[in-house]
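S.K.: Compute the structure for the input listed below.
(one chain, ligands or ions: 2)
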Amino acid sequence: MFDSNEGPVIGVIADDVTGASDVAVALRRRGLRTMLFFGTPPEGTDLPGHDALVIALKTRTVDRREAVARSLAALAWLRARGAGQVYFKYCSTFDSTAEGNIGPVLDALADAMDVPMVATTPSSPEHGRTQYNGYLFVGDVLLSESHMRHHPLTPMTDSYLPRVLGSQSAYRAGVVPLAEVRRGEIGRRLAELRGQGVRYALVDAVEDDDLAAAGRALAGAPLVAGAAGLAGGLAAARPSSSYDDAPAPPLTGSAAVLAGSCSARTLEQVAAVIEAGRPAHRLDVLADPDEESLAKAALDWYDALGPGSGAPIVYSSLEPAALRRVQEALGGERSAAILESAIGRVARGLVERGVTRLVCAGGETSGAVVGALGVPGGVIGAEAARGVPWILTASGLALLLKSGNFGEPGLLLEASATTPMGVA
Ligand SMILES: Nc1ncnc2c1ncn2[C@@H]1O[C@H](COP(=O)(O)OP(=O)(O)O)[C@@H](O)[C@H]1O
Ligand SMILES: O=C(O)[C@@H](O)C(=O)COP(=O)(O)O
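M.R.: Ligands and ions are numbered 1, 2, ... in the order given. Next up is the predicted model:
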């Protein structure tokens, strides 16, 4: 059982569903009773005892006005339910389109809450993301030199975060340098930046201890933003509590893998599934740029599989050169929209055919899947990989919504095996 956990209820607005899973499990790991919803829940939704409410949106790549409107609706719902601290969760690789949406959403949330200064950092050392002097590193390299420069929807080509955020926002962004974080001077620096007319303070953090220091300094802040790392720092600053082992996914019923991420890690994970001899079907949007017929062909292929063939994979993941060819022929947004819609239809068809365990790779892809399935949310289960918990829905589905970049190369294979990882 959970012990009581003192502190304001944390209301999280996440800009995609894999990010929401990641932040939800970061809070749960530190003992917060955490509820996860896909989309802003309707009025009258039952809320048992909780310390954190996480709303997963799909606003990372939509039109900026749409992202703002949906985020403000989530904010209103959370505040009406007593959220004393609001956390805007964006990606640890600061995934943004040219116009946002991190800046526009933060501007709108801070304006609506009348907050003059917001501290934020994408740093999440547990995922290999660190911020130093305002620059974001992915592992050993700058963001702009990482695989993120090839992302299909949010290619990241600038690693200096005050410039990236400043270009998306009506307000200025500054840095809290690592030395000041480590000297316990975050509060002083925030006041100084505020005096200089800066609204967003990007806090350097290279280790979990830096995020813990930031969490302590920001415990009373009404609005904070970042990736799972800083959310974990905020949770760690609360009185400690404990909880039961997270529930594991049921092993009965059949499993399937759906992959739409084109990240380097997902490509390895997809290859591992195919090399293991699992049935594999690629959604080839260049050959058939129509969501309905792509989905129908995939489901016909599934229906023809013999019994005992192992959990199949349906994927569209491509390496950068092949992806570029698709995008040049069809356009980046159009090809992504067709594939997201197709994979959502495939997910629905698979569930209609009795699949109860779905392993999805990619944030936008997972958003399309939960949207097509119409699942309202779920319980945070055991972690199959760091930041990748099973989500158990009231309708009996077990969903693994994996950020494109997360997990070991064997994750998709093992999570869809008869005895999935993350169970013990
Ligand atoms: N073959 C492809 N051609 C064009 N776009 C693709 C292809 N495969 C996947 N995509 C799109 O790329 C995007 C990948 O984003 P996402 O699912 O969020 O993955 P990640 O978690 O790696 O960011 C999705 O919108 C997906 O539909
Ligand atoms: O912060 C992160 O890296 C993840 O939580 C995240 O946001 C995942 O997004 P995708 O990589 O687009 O799945």
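S.K.: Who are the contact partners of the residue of the stretch 251-400 of the chain found nearest ligand 1?
M.R.: Nearest to ligand 1 in the stretch 251-400 of the chain, going by CB to the nearest ligand atom, is residue 362, at a distance of 2.4 Å. (Glycine included, C-beta is placed from N, CA and C.) By CB atoms under 8 Å, 6 or more residues apart in numbering, the contact set of residue 362 is 18, 259-263, 266, 402-404.
S.K.: buried ones in stretch 277-286?
M.R.: Of all the residues in stretch 277-286, those buried under the rule 16 or more other CB atoms under 10 Å are 278-283, 285.
S.K.: What is the helix or strand hosting residue 329 packed up against?
M.R.: Here residue 329 sits within helix 320-330, counting by DSSP states H and E. On a contact count with 3 or more CB pairs under 8 Å, 6 or more residues apart in numbering; DSSP states H and E, helix 320-330 meets helix 332-352.
S.K.: show me where the stretch 301-424 of the chain has helices.
M.R.: Taking DSSP state H, counting those that start in this stretch, the helices of the stretch 301-424 of the chain run over residues 320-330, 332-352, 363-373, 411-415.
S.K.: would TSV of these with mean pLDDT and distance to residue 40 be doable?
M.R.: Below are these laid out as TSV (pLDDT from 0 to 100; distance: least, CB to CB, whole Å):
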stretch	mean pLDDT	distance to residue 40
helix 320-330	95	32
helix 332-352	97	19
helix 363-373	97	13
helix 411-415	96	28
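S.K.: Now tabulate those helices in TSV and tack on distance to ligand 2 and mean neighbour count.
M.R.: As requested, the helices of the stretch 301-424 of the chain are exported to TSV (distance: least, CB to the nearest ligand atom, whole Å; neighbours: other CB atoms under 10 Å):
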stretch	distance to ligand 2	mean neighbour count
helix 320-330	15	14
helix 332-352	12	21
helix 363-373	3	26
helix 411-415	13	26
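S.K.: what does the average pLDDT come to for stretch 388-406?
M.R.: Average pLDDT, stretch 388-406: 95.
S.K.: Is ligand 2 within reach of it?
M.R.: Yes: using CB under 6 Å from any ligand atom, stretch 388-406 reaches ligand 2 at 403-405.
S.K.: Tabulate the residues you listed in JSON lines, adding columns for distance to residue 340.
M.R.: Putting the residues of stretch 388-406 next to ligand 2 into JSON lines (distance: CB to CB, whole Å) gives the following:
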{"residue": "403", "distance to residue 340": "16"}
{"residue": "404", "distance to residue 340": "13"}
{"residue": "405", "distance to residue 340": "18"}
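S.K.: So which of those residues wins on neighbours?
M.R.: residue 404 (30 neighbours; other CB atoms under 10 Å).
S.K.: how much space between the residue located most distally from the centre of the chain and residue 279?
M.R.: Most distant from the centre of the chain: residue 306, at 34.9 Å, with distances by CA atoms, centre = their mean. For residue 306, the distance to residue 279 equals 9 Å [CB to CB, to the nearest Å].
S.K.: Apart from its neighbours in sequence, what residue is nearest residue 319?
M.R.: residue 267 (6.0 Å; CB to CB, 6 or more residues apart in numbering).
S.K.: The helix or strand containing the one you found: which residues count as buried?
M.R.: Per DSSP H and E, residue 267 falls inside helix 264-275. For helix 264-275, the buried set under the neighbour-count rule, 16+ other CB under 10 Å, comprises 264-267, 269-270, 272-273.
S.K.: what's the answer for stretch 203-217, then?
M.R.: 203-206, 208, 210-215, 217.
S.K.: Can you pull the domain assignment for the protein?
M.R.: 9-236, 254-415 (automatic domain parsing).
S.K.: Can you get me a residue count around the closest residue to residue 264 other than its chain neighbours?
M.R.: Using CB to CB, 6+ apart and skipping residues adjacent in sequence, the residue nearest residue 264 is residue 147, 4.3 Å away. Counted with other CB under 10 Å, the neighbours of residue 147 add up to 19.
S.K.: Let's have the buried residues of stretch 203-217 in TSV, adding secondary structure, pLDDT and distance to ligand 2.
M.R.: As requested, those are arranged in TSV below (DSSP: H, G, I helix; E, B strand; the rest coil; pLDDT from 0 to 100; distance: CB to the nearest ligand atom, whole Å):
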residue	secondary structure	pLDDT	distance to ligand 2
203	strand	98	16
204	coil	98	17
205	strand	98	14
206	coil	98	17
208	helix	97	15
210	helix	98	17
211	helix	98	13
212	helix	97	18
213	helix	98	20
214	helix	98	16
215	helix	97	17
217	helix	97	21
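S.K.: which residues touch stretch 214-224?
M.R.: By CB under 8 Å, 6+ apart, stretch 214-224 touches 7, 84-88, 109-110, 113, 115, 118-121, 181, 184, 186-187, 190, 203, 205, 230, 232-238.
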